[in-house]
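K.L.:
Predicted model follows, preceded by the sequence.
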2 protein chains.
Amino acid sequence: MHRLALTKPDGRALTLYGRVPLAGIGEAPSPFPEPLTHSPHLRRHVLRDEWVTYAAFRQDRTFLPPPEYNPLAVTSDARAPTELPVGNWDVAVFDNRFPSLALHVDEVPASIVATAAGIGKCEVVVFTQDRLASLGSLPLSHIHLLLQVWSERTVALGALDEIGYVLPFENRGAEVGVTLHHPHGQIYAYPQVPPVPARMQAVASNYYRTHGRGVLQDHIAREIESGERLLYRGDHAAAFVPACARYPYEVWVATIEPVATFSDLSDAQRADLARALKTVLMKYDALWDRPFPYLMAWYQAPTDGHAHPEAHLHAEFYPPYRTRDRLKYLAGTELAAGWFAMDALPEDKARELQAVVVDVEAA
Amino acid sequence: MHRLALTKPDGRALTLYGRVPLAGIGEAPSPFPEPLTHSPHLRRHVLRDEWVTYAAFRQDRTFLPPPEYNPLAVTSDARAPTELPVGNWDVAVFDNRFPSLALHVDEVPASIVATAAGIGKCEVVVFTQDRLASLGSLPLSHIHLLLQVWSERTVALGALDEIGYVLPFENRGAEVGVTLHHPHGQIYAYPQVPPVPARMQAVASNYYRTHGRGVLQDHIAREIESGERLLYRGDHAAAFVPACARYPYEVWVATIEPVATFSDLSDAQRADLARALKTVLMKYDALWDRPFPYLMAWYQAPTDGHAHPEAHLHAEFYPPYRTRDRLKYLAGTELAAGWFAMDALPEDKARELQAVVVDVEAA
């Protein structure tokens, strides 16, 4: 992995990554000439006892830009700067201009509920220079690089005292609210472990204390043994529709043996994880011969400096469709009760995805 | 309140409620001649340690029916039965034909995760015979009746050994996935307290032990004292955009003093709660002069037979819009992390709703 760290005119960081030595890189551009003054703040939800972020300036963020303007394209005209310079980079990471969490926060307004500064960091991860590509269409070596980038960002962000948890994710498709279709994801670095990973960590810790093994490790062994919902099984990684899926086309991708964070992956594990990931993404897009929308979230250990033998790096995909032309809406029982209801069996949805044959080498 | 209990030809229960004595009621109809054979089952989510319901037959449920067929209209032609008979009833409750939880479950398929029968009950609550009405357009006396119906159903369902929690809710609008626009809600009766109310109950219990008062009770006192986000304040009930809102137009409606369940409401409290509820609903629909979509959830105490001094009956509204023409999508940070991010301040959204003047008596 080759890297180059730059600073944008408005003070934001930009880091470029390549599979080959970086060359011909232009100045770090920014569509915004002035430094951003922003103060996201947190308020404590009194009934749920969890933080909610308020970042009012985010209303100004780019929304359905005209097709001729793509802020994630490289800057071809210095009079209309984008977020990215020309050059031979493969992946780019820069500070979100409209972060809902930031490392430096000026003021925290008073409220009748507990408040705090919205400390954290929000980064944009541009997967490729090709706006017509997708994560799944990238070569294995490019996806391999992205896994290294997520590792580097996890280490860099996790090393900050302010950061307690690093979550890379991708929202893909207009169906999940995406307005900018150049392939990209995001990294949210939270000041503490957020509610969902905290819940999963508590469950995993309890399981580890009782069984001396990982809960996901044991589940993956059962998925592989069953094979009924399996989509990929390599030497080091697997992908499957979990038996307890909450979304019809939900898929988990993970190493077979527990690995706490991206930075704990061996080269062989990383290579196989890239194959598993690309297999799933290609199956998704081939299923209905159109881009398949999803939320992809990567869960890993907290960055609190402690060992986390209970943690197991993995991705969870939550696609919004329940059939080719029907969306699954989260409504009463899911949002109000937190009790998911499925009208499809994971076995049936797995069969659909199993029937899609893909070749991760050929693509 | 006047009531009449009937049984449909396919064995499902139907109860009709009226403000005046019921008369001229026809036979209980059903669009489905045969009893339903169905076996929803539960699987334990291994990483979250929570139940997920699988009810595969639900894929056959009514979806975008042609405009000429409304299963919630009264049956005018015996050859094309709907769910409801003619008569002077105001509110009707019947067993959902496609329940994701049921009291009698035949078989539970084996899985590599823990499974259980999908025990529980799903009911449909028809708010009115008028398909062009809405909950907020109904007269106060009609809404008052609905609050009595929710009370009766909570008592009846909660009395069953199989039921641990009763959650009335309404999904409103195509934006939240509703395909049947006749005004109606649902009641889910769960075998145990679902994750979200369980979390709220744990927080409230902890607060009650420490302070000897209710967490929502104290919050409402602060909202009333501040007034900044207040939408309604009567002798017994209040409505406001909470200072810790997770949705831009989120509103809570509650009695000012804690009341554990619908059945603990005094007549005066119920009447004022109806006024608070109608005020919010009328403001919503008047804001943009069009039907305002939302999820409305009513939280109350578990039906476990114990006293719940920490519980405080209230409604939470989660509207999907963040501005007149922009939806708030739940994506990475909300769904994957459980950490909500808001680009609007509750104070600003409250001001918009405060500016809408409504008259609950005139409507």
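P.N.:
Looks like it arrived, so ask away.

K.L.:
residue contacts, residue A:183?
P.N.:
Residues near residue A:183 by C-beta atoms under 8 Å, 6 or more residues apart in numbering or on different chains: A:126, A:127, A:128, A:130, A:131, A:133, A:134, A:135, A:138. Quick note: C-beta positions are derived from backbone N, CA and C, even for glycine.

K.L.:
Next step: those residues restricted to helices.
P.N.:
Among the contacts of residue A:183, none falls in helices (DSSP state H).

K.L.:
Quick one, which of those are buried?
P.N.:
Among those, those classed as buried by 16 or more other C-beta atoms under 10 Å in any protein chain shown are A:126, A:127, A:128, A:134, A:135, A:138.

K.L.:
The third one contacts residue A:92, doesn't it?
P.N.:
No. With contact defined as C-beta atoms under 8 Å, residue A:128 does not count as touching residue A:92 (9.2 Å).

K.L.:
For these two, list the residues in contact with both.
P.N.:
Residues touching both residue A:128 and residue A:92 (C-beta under 8 Å, 6+ apart): none.

K.L.:
ends of stretch A:337-353, how far apart?
P.N.:
With C-alpha to C-alpha, to the nearest Å as the measure, stretch A:337-353 spans 30 Å from end to end.

K.L.:
meant to ask about stretch A:246-266, not that
P.N.:
One end of stretch A:246-266 sits 31 Å from the other (C-alpha to C-alpha).

K.L.:
What are the neighbouring residues in contact with the residue nearest to residue A:235 when sequence neighbours are not counted?
P.N.:
Leaving aside its sequence neighbours, residue A:235 sits nearest to residue A:272 (C-beta to C-beta, 6 or more residues apart in numbering or on different chains; 5.8 Å). When the contact criterion is C-beta under 8 Å, 6+ apart, the partners of residue A:272 are A:234, A:235, A:236, A:237, A:255.

K.L.:
By neighbours, which of the residues you listed wins?
P.N.:
residue A:237 (27 neighbours; other C-beta atoms under 10 Å in any protein chain shown).

K.L.:
Quick one: list the elements packing against the helix or strand residue A:207 falls within.
P.N.:
If you go by DSSP states H and E, residue A:207 is part of helix A:195-211. Judged by 3 or more C-beta pairs under 8 Å, 6 or more residues apart in numbering or on different chains; DSSP states H and E, helix A:195-211 is in contact with helix A:215-226.

K.L.:
Now with 10 Å, please.
P.N.:
strand A:50-54, strand A:165-172, helix A:215-226, strand A:294-299, strand A:314-318, helix B:195-211 (3 or more C-beta pairs under 10 Å, 6 or more residues apart in numbering or on different chains; DSSP states H and E).

K.L.:
Tell me which of the ones you listed sits nearest to residue A:118.
P.N.:
Of all the helices and strands packed on helix A:195-211, strand A:50-54 sits nearest to residue A:118, with 5.4 Å by C-beta to C-beta.

K.L.:
circling back to that earlier point, in a markdown table: the helices and strands packed on helix A:195-211, plus mean neighbour count and mean pLDDT.
P.N.:
A markdown table is the format used below for the helices and strands packed on helix A:195-211 (neighbours: other C-beta atoms under 10 Å in any protein chain shown; pLDDT from 0 to 100):
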| stretch | mean neighbour count | mean pLDDT |
| --- | --- | --- |
| strand A:50-54 | 23 | 97 |
| strand A:165-172 | 25 | 98 |
| helix A:215-226 | 19 | 98 |
| strand A:294-299 | 24 | 98 |
| strand A:314-318 | 23 | 98 |
| helix B:195-211 | 18 | 98 |
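
K.L.:
Dump those into JSON lines; add distance to residue B:280 as well.
P.N.:
JSON lines is the format used below for those (distance: least, C-beta to C-beta, whole Å):
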{"stretch": "strand A:50-54", "distance to residue B:280": "21"}
{"stretch": "strand A:165-172", "distance to residue B:280": "31"}
{"stretch": "helix A:215-226", "distance to residue B:280": "42"}
{"stretch": "strand A:294-299", "distance to residue B:280": "31"}
{"stretch": "strand A:314-318", "distance to residue B:280": "31"}
{"stretch": "helix B:195-211", "distance to residue B:280": "20"}
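
K.L.:
re the thing from before, farthest-separated two in the buried ones among the contacts of residue A:183?
P.N.:
Greatest spatial distance in the buried ones among the contacts of residue A:183: A:126 and A:134, 12.7 Å, computed using C-beta to C-beta.

K.L.:
ok, back up a step: in strands, which of the contacts of residue A:272 appear?
P.N.:
If you go by DSSP state E, those have A:237, A:255 in strands.
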